[in-house]
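A.B. asks: Need the 3D shape of this:
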Amino acid sequence: MHHRSQGGIIECKLDNRFRFAIPARLRAPFLDRGAVVGWWLDGCLIACPAENWDALVEQVFGNLDVLDENSRWLSRFLLAGAVEMDLDKQGRVSLNQAQREHAGIDTELKVVGNRGYLELWNPERLDERFAAMRGGGVERYARKLADGRS
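C.D. replies: Numbers count the residues shown, from 1 in each chain. You can find the predicted model right below:
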């Protein structure tokens with residue numbers, strides 16, 4: 001299984017059974033209870049250590065309110081796309097067809113480590129997003145986030 005690293009981004013390939021190896025340096029948190037792989041935001045997939053999945057969803061989205069329609073749809077979306085699986089001996093997990101379609105992943109993907117989880121991206125989609133950020137001024141994004149906190 002081939003990996004090439006670009007700093008915090010690791011390029012990976014799917015094998016002919018749609019599996020990819022979680023990069024060795026990022027694999028340790030997944031070894032105990034496996035991974036949850038699922039649909040995620042911005043048209044990518046998430047791979048999260050299974051034992052951290054529930055806490056991550058609550059940390060990112062808060063306690064989803066069943067009485068709120070947006071919360072119900074977000075909860076359905078996260079549950080529908082999420083698959084819990086063990087890593088095989090080579091540290092691989094597989095991506096099902098719905099996951100590959102959601103993220104536009106064919107044979108190659110880019111893995112981005114993001115705090116306690118990994119994002120799995122179609123390489124062109126990720127490159128386009130980063131180019132748009134650079135074109136729009138990364139500082140502007142940072143300022144908006146900082147202003148929202150004050």
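A.B. asks: Can you verify K110 is assigned to a strand?
C.D. replies: Yes. The assignment for K110 is a strand, going by DSSP: H, G, I helix; E, B strand; the rest coil.
A.B. asks: Check it and give its pLDDT.
C.D. replies: Here, the pLDDT recorded for K110 equals 97.
A.B. asks: Kindly confirm whether my reading is correct that it touches F20.
C.D. replies: No. Applying C-beta atoms under 8 Å as the test, K110 and F20 come out as separate, 10.8 Å apart. (Glycine included, C-beta is placed from N, CA and C.)
A.B. asks: pLDDT on the strand or helix carrying D54, on average?
C.D. replies: Taking DSSP states H and E as the criterion, D54 maps to helix 53-61. For helix 53-61, the mean per-residue pLDDT is 88.
A.B. asks: picking up where we left off before, got any residues that touch both of K110 and F20?
C.D. replies: 12, 120 (C-beta atoms under 8 Å, 6 or more residues apart in numbering).
A.B. asks: Give me the more crowded residue out of the two.
C.D. replies: The residue with more neighbours, out of K110 and F20, is F20; 25 against 21, by other C-beta atoms under 10 Å.
A.B. asks: can you count the residues close to I9?
C.D. replies: I9, neighbours per other C-beta under 10 Å, totals 17.
A.B. asks: what's the answer for the one 4 residues further on, then?
C.D. replies: Close neighbours of K13, defined as other C-beta under 10 Å, add up to 14.
A.B. asks: Just checking the distance from the helix holding D54 to the centre of its chain.
C.D. replies: Centre-to-centre, helix 53-61 and its host chain are 13 Å apart (C-alpha atoms, centre = their mean, to the nearest Å).
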